[in-house]
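Q: what shape does this take:
(2 chains, ligands or ions: 1)
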Amino acid sequence: MNFDLDDDQRDIAAGARDFYRGSASPAAARAGLEGGRLEPGRKALADIGFLGITVPDESGGAGRSVLDLAVVAEQGGAVLAAPSLVTAARAAVLLSGEPELAAQLADGSTAFAVLDGDPDESAPSVDAADATAFLALDGGDLVLGEGEVVPGRPLDATRGLASVRLSSRRVLAADAGELWARARRVAAVVMAAEDLGGADRCVQLGVAYAQEREAFGRKIGSYQAVKHMLVDAWVGVEQLRSLVWWAAWAADANPAELPLAAAAAKACAASVFEQAAGTLIQVHGGIGFTWEHDAHLFWRRAKVDRLLLGDEAEHLDAVARIAVAGALGG
Amino acid sequence: MDFDDSPDEAEYRARVRDLLERHAADLLHLEAGQEGVDARTHEAEMRRTQRVLAEVGLVGVTWPREYGGQGGTLVQQAIVSQELARARVPALINHIGIGMCGPTVIAHGSQDQRDRYLARLLRADDVWCQLFSEPASGSDLAALRTTAVRDGDDWVVNGQKVWTTLAHVADHGILLTRTDPERPKHAGLTMFVVDLHAPGVTVRPLRQMGGQSDFNEVFFDDVRIPDSERLGEPGEGWRVALTTLMNERVAIGGAGGTIGLPVEAFVQHARERLPALDPERQVLARQAVGRAVVAALGARYTGYRRLTVLSQGGIPGPEASAGKLAGTEAARLVADAGVRLLGDDAVYAATGDGDDRWQRTQSWIPGIAIAGGTDQVLRNIIGERVLGLPPEPRSDKTAPFSGGRR
Ligand SMILES: Cc1cc2nc3c(=O)[nH]c(=O)nc-3n(C[C@H](O)[C@H](O)[C@H](O)COP(=O)(O)OP(=O)(O)OC[C@H]3O[C@@H](n4cnc5c(N)ncnc54)[C@H](O)[C@@H]3O)c2cc1C
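A: Sure thing, here's the model as predicted:
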């Protein structure tokens, strides 16, 4: 047993951290709420190779593991980067039989999004707002098409949420239910990884403020009500990190465990990120409730992510069903 | 990253499994549905079981060889624990001796003490307990009042300990006393090994909220302890106790061990009970089952991460407190959901067929959240030592203990 990142993955994480810190920020996420440009943007992500991490080398990708991708996604989540690597990860699975399209995904020349729900009137789907090519499940077939995009007023601008009505479609694979399900699970793992990054950042920011702000002649971090809130959020982050790594590893190395692991990671991410973001605002007091402070940007993403790709209740139900069906032995 | 056994680990596991099979007839086994055994009613079999396991090298796996251990790794210890659970062999009667007392004797004892005690401890020839807490000093352990006063070659001990797990079957204990009330509270303490059969020691079992008696009050009336039984220097008792507490943190949920019932047993229970609930309740029950499983897996895999770090030479630090905190929460969710799956029987102390397993499990949890550091104390440790948040102001650290006495 060896449950830790290897040196290579640690290097990948460090590189991704540098890239994301230099090219994206909560400030951009705030600007996005008022129509500004989101960062780092698809082109930069394609140029550094992040859109193609799990795309095979033959198609111009890096041919690497979901775990490697998760390690990168965590760093993107920490700065609320957009677009999401969830879309790249999910599309890479769906396009595994389409080398040319996969190459367009990896080099960013086509803006793909994956639609949830009915392709004639999709559910709000990640990164759909500025996409031009849509992947959808249509009566059990995997289809690719163009579509009419209906964005709503975003609660979190960084997710590029929009509903889409497909205006054309071509079948890429018939009877693609299983492929679709795997893609959605990998997407759930990568979103949980982004949430891990966001939640971890919330704890860091909260701790830093609690070490600095004084009230009643003491640092507020010395008050247990504040300290314990931050500790609980941190303990949650540690649990989430374990489940994300396990689920990403399962996606690569133990597909039989993926359904349970992905649902567990996504359910855990929903509550941990929400708790961490709520804590971040509370620890900051009034300033945490202002537009200018970053706290609400994490809070927005937590509130949105917990509902995307299946909400917490759906994933808890899945965990129970899969476990009871025998996935854990016992 | 790899969750499977390495070739060495697989080989070790096979050896452990084989040993457990070969000696099965000499080991105590739990019946299905049984989670623990009473150390008092099964004392003889439990001692025998530990002795048999010790003789084949399955006790003290991580202890150094020179003290009777196997010089093995924490991963090997985890494998032994998993295989013991799989074979339904109950927890060792001397788990406190092995997890906490023995390592303290190794770290702070004289060669003579190590020679006299450690081999017997591993074989459960002697069972050990940890005599720290007192009625007025639990979390605030350094406020203890049991005194030891020097008298020639002996020390004379008076006072009372409480909540002492296993004292009713123990032969020895590590005993924290106050030897210098004029010094600040942490500075005037001294640790001893005490013979629980010595004149003046009285052990009175306490009944716990679940009805059983695992812990005790222990009274010391002019108990004489030879100076050769001192553990560490006079006044150094706090430092010695920290060794014990650090080992305790790792022993309780710090490295991948399960607190409460294993999640597999819970899932099996859910499999049997869910279909009996009416459909609306099934939906709610699955939410609770899912939540408990997620918490249990999160705690388990976080433990595996710690185990990986420790097995690569890392040192057990305050992070281990998070393992106990998360493990306790997972155990609480598992136990509560386990009881609720019983339907109407959930309000009784046992199910209609007399099985009280889930109700009993539920009644351990409040104690787990207190023993070995309360949830609040663990949060303080994590907040201050892991997250680096400022400590609370204190007024008791420097004043002489006698001066601060109420
Ligand atoms: C099942 C069980 C087995 C045990 N076995 C042993 C044993 O073998 N040997 C042994 O020596 N002891 C043992 N104990 C005792 C255990 O270590 C103490 O109960 C524990 O340390 C708490 O002390 P206390 O009970 O005095 O509670 P207190 O310390 O009085 O705590 C009361 C409440 O105050 C809170 N509190 C106290 N200090 C702080 C603080 N600084 N910040 C925030 N909140 C605080 C606590 O969290 C708790 O909620 C056992 C206890 C249990 C329940």
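Q: okay, the closest residue to B:His29 other than its chain neighbours: pLDDT?
A: Among residues not flanking B:His29 along the chain, B:Arg88 sits closest, at 4.9 Å (Cβ to Cβ, 6 or more residues apart in numbering or on different chains). C-beta here means a position set from N, CA and C on the backbone, and glycine is covered the same way. If you check B:Arg88, the pLDDT there is 92.
Q: what's the answer for the one 4 residues further on, then?
A: Reading off the per-residue confidence, B:Leu92 sits at a pLDDT of 94.
Q: residues touching it, list them.
A: By Cβ atoms under 8 Å, 6 or more residues apart in numbering or on different chains, the contact set of B:Leu92 is B:Met46, B:Thr49, B:Gln50, B:Leu53, B:Val59, B:Ile98, B:Ala124.
Q: how about the secondary structure of it?
A: Here B:Leu92 is coil, with the state taken from DSSP: H, G, I helix; E, B strand; the rest coil.
Q: distance of the residue nearest the centre of chain A relative to chain B?
A: Note on chain A: the residue nearest the mean C-alpha position is A:Met191, at 2.3 Å, using Cα atoms, centre = their mean. Separation of A:Met191 from chain B (Cβ to the nearest Cβ, to the nearest Å) stands at 16 Å.
Q: my read: that residue touches A:Asp305, true?
A: Yes - between A:Met191 and A:Asp305 there is a contact under Cβ atoms under 8 Å: 6.0 Å.
Q: list the buried residues for stretch B:268-281?
A: Across stretch B:268-281, burial judged by 16 or more other Cβ atoms under 10 Å in any protein chain shown covers B:Gln268, B:His269, B:Ala270, B:Arg271, B:Arg273, B:Leu274, B:Leu277.
Q: likewise stretch A:60-68?
A: Going by neighbour count (16+ other Cβ under 10 Å), the buried part of stretch A:60-68 is A:Gly60, A:Gly61, A:Ala62, A:Arg64, A:Ser65, A:Val66, A:Leu67, A:Asp68.
Q: returning to that earlier point: wouldn't the residue nearest to B:His29 be in contact with B:Leu28 here?
A: No - if you go by Cβ under 8 Å, B:Arg88 and B:Leu28 don't touch, sitting 9.3 Å apart.
Q: and these two? Which one has more around it.
A: Using other Cβ atoms under 10 Å in any protein chain shown as the criterion, B:Arg88 and B:Leu28 rank with B:Leu28 on top: 18 against 14.
Q: how close does that one sit to the ligand?
A: Noted for B:Leu28: a distance of 22 Å to the ligand, by Cβ to the nearest ligand atom, to the nearest Å.
Q: can you redo the buried residues of stretch A:60-68 as TSV with secondary structure and pLDDT?
A: Below are these laid out as TSV (DSSP: H, G, I helix; E, B strand; the rest coil; pLDDT from 0 to 100):
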residue	secondary structure	pLDDT
A:Gly60	coil	96
A:Gly61	coil	98
A:Ala62	coil	98
A:Arg64	coil	98
A:Ser65	coil	98
A:Val66	helix	98
A:Leu67	helix	98
A:Asp68	helix	98
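Q: now for those: which two are most distant?
A: A:Gly60 and A:Leu67 (20.9 Å; Cβ to Cβ).
Q: what sits against A:Cys202?
A: Contact partners of A:Cys202, counting by Cβ under 8 Å, 6+ apart, are A:Ala233, A:Phe273, A:Ala276, A:Ala277, A:Thr279, A:Leu280, A:Ala295, A:Phe298.
Q: now B:Ala167
A: B:Cys129, B:Leu131, B:Lys161, B:Gly173, B:Leu196, B:Val203, B:Phe215, B:Asn216, B:Val218.
Q: quick one on the thing from earlier: could the contacts of B:Leu92 go into JSON lines alongside distance to B:Gly303, secondary structure and pLDDT?
A: Below are the contacts of B:Leu92 laid out as JSON lines (distance: Cβ to Cβ, whole Å; DSSP: H, G, I helix; E, B strand; the rest coil; pLDDT from 0 to 100):
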{"residue": "B:Met46", "distance to B:Gly303": "26", "secondary structure": "helix", "pLDDT": "97"}
{"residue": "B:Thr49", "distance to B:Gly303": "25", "secondary structure": "helix", "pLDDT": "98"}
{"residue": "B:Gln50", "distance to B:Gly303": "24", "secondary structure": "helix", "pLDDT": "98"}
{"residue": "B:Leu53", "distance to B:Gly303": "23", "secondary structure": "helix", "pLDDT": "98"}
{"residue": "B:Val59", "distance to B:Gly303": "21", "secondary structure": "coil", "pLDDT": "97"}
{"residue": "B:Ile98", "distance to B:Gly303": "19", "secondary structure": "helix", "pLDDT": "96"}
{"residue": "B:Ala124", "distance to B:Gly303": "26", "secondary structure": "coil", "pLDDT": "98"}
